[in-house]
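Trainee: with the sequence up front, the predicted model follows.
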Amino acid sequence: DMWRSYHQKQSIDIAVIGSSLASCALPEEELAAATGENVALMATNAQSLDMSQIALETLLREHSPRYVILVMDLTNMTGKPYAKAQKAFLYAELQTDSWKDKPADLLRYMTSRDNFTGADSLNALFPWQSGSWPTDWPATIQQKWNAVLNRLPHRRGAAHAQPEDAAVINFDTVGAENTWNQNAHDFSAQHIEELTSMLQLCQENGTRLLLISAPKTTLDVVSYETYFDDYAYFKQLAAQYGASYYDFNLAKPELFENKEPDYHKDFTHMNAAGGHAFSLSMAKFLAMLDAGQDVESLFETPSEYLAAVNYITNVYMTPEVHPDKILLLAGSYHGPSVQAEYEFWVKAPGASEYSRVSAYSTRSWTEYAAAEHGTYQFRVNARIVGSSADFERYYECSVDF
């Protein structure tokens, strides 16, 4: 849908490039309606920087947009890209290419440093499902042909639209899930090179590139241990190539008010309401840039941001099973001015109500002497030291003993 919609456009004023973070935060139809301009959303799920680079090269070869908005995804700066997403991206590009562009795109893929020495180089011509050569050629060809026939009706009626998503994150169930805990943390030289190449390409073409971080939950900002070091790095790298980096997590309320949990379906992705609100904010922001206004004052400093996180975003618990007991280890995310305290509860096998294991304390662990085998339900409550609330956040989990 992304490539098909792109090829159908006669002109493009604003292009948004990136992963699902981009497509959720700045849906094409929402941003187009908010700005009144022609928008191309060149973002797909798990889109790595090498794929974004292909999208950008294609865009600048065929159009002259006023703005390119590259939505940063910290996942794309660390570790290896998702191979299945890369293949899907290439396959979709080749299916929607004009015939004159297919040979060049095939050659680019087959000779890339990632694929040149592997089976994927030739599989670009025949993208078999397994990634290896088939043993039963007639059956495989028939399978591929049937798949093509099944796709045709959907392709004719396809519309390039993001599904409406009204899901809202529940911070009492997210646990320890966050970007920092899911990623390798050091930026790889290859990904830095890919990002730099995109910055250089826009600079050489005289295209105004905005590198941005889309709004996500406060949880995912405060839990990422090098978040503001990375912020400083992107800021100086973008400036080095005449681009700008803006982190909309630091936006002041007059620019964008990030309503949590209303605007988020998980700890990083915005839902439909969030995408609508952020598109309006981005339209306002672009209008200010067009008018030559100073926009830096619309963003907080990292220290100002952290000072406002004077609450517990979430609490989590990791149980350890021992021969005679269960050790409960808790933790929470919050701003630097906050000290948390924890209270532990248990629902033993067959019990209908929780009973308290240990009262509130700043100690983030406790031991429970399990008396019988079975499934135990544990709960940890968390609140700020000095609070009189029963709890501010909680987390529950089951343990088989």
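Mentor: Received the coordinates, thanks. All of these numbers come straight from a predicted model, not from anything done at the bench.
Trainee: quick check, residue 395 in a strand?
Mentor: Yes - assignment of residue 395 by DSSP: H, G, I helix; E, B strand; the rest coil places it within a strand.
Trainee: I'd say it and residue 172 touch.
Mentor: Yes - the criterion here is Cβ atoms under 8 Å, and residue 395 meets it with residue 172 at 6.3 Å. The C-beta positions use only the backbone N, C-alpha and C, and glycine is treated the same way.
Trainee: what residue ranges in the stretch 301-401 of the chain score low on pLDDT?
Mentor: Across the stretch 301-401 of the chain, nothing is flagged by pLDDT under 70.
Trainee: who's more crowded, residue 395 and residue 172?
Mentor: residue 395 (22 against 15; other Cβ atoms under 10 Å).
Trainee: ok, the more buried one - contacts?
Mentor: By Cβ atoms under 8 Å, 6 or more residues apart in numbering, residue 395 lies in contact with 172-173, 175, 314-317, 330, 379-380.
Trainee: could you flag which of those residues are buried?
Mentor: 175, 314-317, 330, 379-380 (16 or more other Cβ atoms under 10 Å).
Trainee: quick revisit: quick one: common contacting residues for residue 395 and residue 172?
Mentor: residue 314.
Trainee: quick one, what contacts residue 69?
Mentor: Per Cβ under 8 Å, 6+ apart, neighbours of residue 69: 14-17, 22, 26, 210, 212, 282.
Trainee: apply 6 Å and report the result again.
Mentor: Listed by Cβ atoms under 6 Å, 6 or more residues apart in numbering, the contact set of residue 69 reads 16, 210.
Trainee: quick one: residue 232 and residue 178, what's the gap?
Mentor: Distance of residue 232 to residue 178, given as Cβ to Cβ, to the nearest Å: 20 Å.
Trainee: same deal with residue 390?
Mentor: Counting by Cβ to Cβ, the gap from residue 390 to residue 178 is 26 Å.
Trainee: who has more neighbours, the two?
Mentor: More neighbours surround residue 178 than the other of residue 390 and residue 178, with 23 against 10 (other Cβ under 10 Å).
Trainee: quick one: contacts for the more buried one?
Mentor: Residue 178 touches 220, 223, 267, counting by Cβ under 6 Å, 6+ apart.
Trainee: count of residues packed around the spatially closest residue to residue 187 that is not a sequence neighbour?
Mentor: Closest residue to residue 187 apart from its sequence neighbours, by Cβ to Cβ, 6 or more residues apart in numbering: residue 77 at 4.5 Å. Burial of residue 77, expressed as a neighbour count using other Cβ under 10 Å, amounts to 23.
Trainee: can I assume residue 77 is in contact with residue 185?
Mentor: No - between residue 77 and residue 185 there is no contact under Cβ atoms under 6 Å: 9.4 Å.
Trainee: did I read that right, residue 52 in a helix?
Mentor: Yes - applying three-state DSSP, one finds residue 52 inside a helix.
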